[in-house]
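Engineer: return atomic coordinates for the entry below.
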Amino acid sequence: MRNSIKSLRKVSTLLASTALLMATTAVLPAEAANKAGGSCTKVNAKAKIGGDQYICTKNPTVKNAKLTWVWVECINADKMWKESAARLTTLKAQAATAQTKIDTLKAEMPADEEQAKAYDAKAAAAQVKKDDAVAKAAANAAKVQQWGATTTAGKAYQKNVDLWNSNARTYELAVKNFQRAAKALRDKAKEVADEQRRLDLANQTIAASQVQLGSTADNRKQACQPGL
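Structural biologist: Next up, the predicted model:
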């Protein structure tokens, strides 16, 4: 009877040990799979470790990285860093384009000023012709009054009035066109100043973006520490 009790005790102890071993064996793989920075096999699989969310992916800060459990904040920080870097690249490209435009405008300004002066001269010459046409129209109008509008001479003088008035309007239009052309050429100086102000603002934005990029790089480095 005593031997039977001992045998039962041995069997119970063996069963308990086996159950404990099985339980331990079942837990260990799960713990290994869910270890921060530990290896994993399913891309984009998610797990909660230590109260934080993790994802099965390659750590963006590790060269030749393999699939591991990466803190989700690392992925977010990496996204922000890439967005900041892309934005900075775009801003620098825009600033370079603006600088090229300014340089081109500045190079053209001396020749433009010479052309503007030529238009000034043409406008002045056209103004002289307009004034002359207006004077001649007035003189012929006086003749119309002298001879009478219904007389043959008066009608001839009226035709001259109409002709000189038409010429005066043509010269007046020429004056305005030459003045407008000269102004357009000289407006490039204002355009250069406006472009320079915009470029200065762009450079300020670039400086701020560089600071932001450095900040996001630090956050990325901290959040993506292997095993964090």
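
Engineer: so where's the protein shaky on pLDDT?
Structural biologist: For the chain, residues meeting the criterion pLDDT under 70 lie at 1-33.

Engineer: and the helices in it?
Structural biologist: Using DSSP state H, the helices assigned to the chain run over residues 2-33, 72-147, 152-223.

Engineer: nearest to K42, of those helices?
Structural biologist: Go through those one by one with CB to CB and the one that ends up closest to K42 is helix 2-33, at 9.8 Å. For every residue, glycine as well, the C-beta is placed using N, CA and C.

Engineer: what's the single longest strand in the chain?
Structural biologist: Looking only at the chain and at elements set by DSSP state E, the strand with the highest residue count is strand 52-58.

Engineer: I'd like to know which of the helices of the chain is closest to V43.
Structural biologist: Ranking the helices of the chain by distance to V43, with CB to CB as the measure, places helix 72-147 first at 12.6 Å.

Engineer: if I look at the closest residue to A137 other than its chain neighbours, how far off is D103?
Structural biologist: What sits nearest to A137 in space, not counting adjacent residues and going by CB to CB, 6 or more residues apart in numbering, is W164, at 3.6 Å. Plainly put, W164 is 50 Å away from D103 if you go by CB to CB, to the nearest Å.

Engineer: so which of the two has more stuff around it?
Structural biologist: Neighbours were tallied for W164 and for D103 using other CB atoms under 10 Å; the higher tally belongs to W164 (20 against 11).

Engineer: so what's the more buried one up against?
Structural biologist: By CB atoms under 8 Å, 6 or more residues apart in numbering, the residues touching W164 are 133-134, 136-137, 140.

Engineer: skip the chain neighbours and tell me the closest residue to A65.
Structural biologist: Ranked by CB to CB, 6+ apart and with sequence neighbours excluded, the top spatial neighbour of A65 is K58, at 4.0 Å.

Engineer: again with Q115
Structural biologist: Nearest to Q115 is L185, by CB to CB, 6+ apart, at 5.6 Å.

Engineer: okay, now the one you found: neighbour count?
Structural biologist: The tally of other residues near L185 (other CB under 10 Å) stands at 20.

Engineer: I'd assumed E114 was in contact with it.
Structural biologist: No - using CB atoms under 8 Å, L185 and E114 do not qualify as a contacting pair, with a distance of 9.1 Å.

Engineer: tell me who's in contact with the nearest residue to A123 once chain neighbours are set aside.
Structural biologist: Using CB to CB, 6+ apart and skipping residues adjacent in sequence, the residue nearest A123 is F178, 3.6 Å away. Contact analysis of F178 by CB under 8 Å, 6+ apart lists 119-120, 122-123, 126.

Engineer: swap the cut-off to 7 Å and go again
Structural biologist: Under the criterion of CB atoms under 7 Å, 6 or more residues apart in numbering, the neighbours of F178 are 119, 122-123, 126.
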